[in-house]
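>>> Okay, here's the prediction I keep looking at, along with the sequence it came from:
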Amino acid sequence: MPTLDIFTQDAFSLRSLTAAINSRKYVPGFLGRLGLFQAKLIATRSLFIEEQPDTLSLIGTTPLGGSPPLLNHTAHKRTVRPFETMNLVKADLIMADEIQGVRAFGSESETQVIGQIVMDRFDRLMRDLDLTMEHHRLGCIKGTLTDANGDTIYNLFTQFNVSQESEVDFDLDNALATAESGAVRQVCTTVCRTIRRNCGGGEPTEIIGLCGDTFWDNLVNHPEVRGTYLNHAAAADLRGGVAWGELTYGGIRFVNYRGTDDGTTLGVHTDKVHLFPLGVPDLFVMHYAPAPYIEDRPNYLGAPFYAYQSPDTDTPKKFVKLQIQSNPLPLCTRPKVLMLGKRT
């Protein structure tokens, strides 16, 4: 009969479980699949973002033999901003009576069968962690990282001492709009110019707009947008199932972001669109700090996820606690690029 002593085997060590969790396939959501955030493994729970403005100025004429003006080093003064990674942890218990009926003979070993039970439990924990990671990615796009209870962890605009650009009105409910007006395209052009200028020299591969449901519905049904697409092969984008789809218009890749089905846990406000650039190096970074476990040798580089188990310390042992942990910090290093739009 299996006992809780089986969990002392190498197959259930911190390193073995962590390796198994990090190799398992999961779907964290659109932003996770987009590959927007560059992963950086760090060795400490604290990190510092060093900012050095790269300013340009015209050089005026100087008389021959005159003294040239000196470079203004004050304009290039570095600013260091401190941050702390988050500590995301969730646990579950496997009770002794849950594994009493596991047979220790046949084609599968005791370790293999109980190992599957353990991984099934970890999969449940991972679903919650996947949702949480997508929540923080989306918070980074919005400019504010919030905890599960809604408390603000970091306001990126405050942390980097910048103000967000004024909210952009796409005026999508204008019933008098015509296909020839070009008003929506002009707004898109203005947004693209503003974001590219705020990238600080980095050139984005594209501009993304995460749309709420009503914003998206108004966009794809707008006479100007429909008039542009209906005479092209891309009209299939409008004729097909457009719910949670995407459409490129005016230089912006608009995506109807699908959040949680309850409409509140995770998502984009129904009347809004969050706009940001894709493809700029070191603009969006996901830092991963190491877990605070002796077994993982502190001060080594962190990993995206950790999984470990700890048996009951009492005798007789009644349970084994399974725990999953991540110590991330998503950042947009130039939050001025994060723009917000509204449908009207």
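Sure thing, it's come through.

>>> Tell me the secondary structure at residue 216.
What DSSP: H, G, I helix; E, B strand; the rest coil gives for residue 216 is helix.

>>> residues touching it, list them.
Contacts for residue 216 were tallied using CB atoms under 8 Å, 6 or more residues apart in numbering; they are 242, 254, 256. C-beta here means a position set from N, CA and C on the backbone, and glycine is covered the same way.

>>> possible to save those as TSV with distance to residue 229?
Shown next, in TSV, are these (distance: CB to CB, whole Å):
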residue	distance to residue 229
242	11
254	12
256	15
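
>>> contact partners of whichever strand or helix holds residue 320?
Using DSSP states H and E, residue 320 sits in strand 319-326. With CB under 8 Å, 6+ apart as the test, strand 319-326 has contacts from 4, 7, 21, 87-96, 118, 121-122, 125-126, 129, 133, 288, 291, 304-312.

>>> Parallel or antiparallel, list what pairs with it.
Next to strand 319-326 in the sheet, as set by DSSP bridges, lie strand 88-95 (antiparallel), strand 306-311 (antiparallel).

>>> Redo these as JSON lines? Include distance to residue 173.
Shown next, in JSON lines, are those (distance: least, CB to CB, whole Å):
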{"stretch": "strand 88-95", "distance to residue 173": "40"}
{"stretch": "strand 306-311", "distance to residue 173": "48"}
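
>>> what about those, which gets the closest to residue 67?
strand 88-95 (58.1 Å; CB to CB).

>>> and that closest one, which residues are buried?
Across strand 88-95, burial judged by 16 or more other CB atoms under 10 Å covers 88, 92, 94.

>>> Same check on stretch 244-255?
Judged by neighbour count using 16+ other CB under 10 Å, the buried positions of stretch 244-255 are 246-250, 252, 254-255.

>>> In CSV, list those residues along with secondary structure, pLDDT and distance to residue 163.
Output for the buried residues of stretch 244-255, formatted as CSV (DSSP: H, G, I helix; E, B strand; the rest coil; pLDDT from 0 to 100; distance: CB to CB, whole Å):
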residue, secondary structure, pLDDT, distance to residue 163
246, strand, 91, 30
247, strand, 90, 30
248, strand, 92, 29
249, strand, 93, 28
250, coil, 94, 25
252, strand, 97, 22
254, strand, 96, 25
255, strand, 95, 26
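
>>> So which of those is the closest to residue 333?
Relative to residue 333, the closest of those is residue 252; by CB to CB it sits at 21.8 Å.

>>> Contacts only, for that closest one.
Per CB under 8 Å, 6+ apart, neighbours of residue 252: 188, 191-192, 207-209, 275.

>>> Swap in 6 Å and give it another go.
188, 207, 209 (CB atoms under 6 Å, 6 or more residues apart in numbering).

>>> cool, and residue 85?
Taking CB under 6 Å, 6+ apart as the test, what residue 85 contacts is 45, 289, 327, 329.

>>> Nearest residue to the third one in space, please, no chain neighbours.
In this case it means residue 327. Once flanking residues are discounted, residue 327 sits nearest to residue 289: 3.9 Å by CB to CB, 6 or more residues apart in numbering.

>>> got the contact list for the one you found?
By CB under 6 Å, 6+ apart, the contact set of residue 289 is 42, 45, 85, 302, 327.
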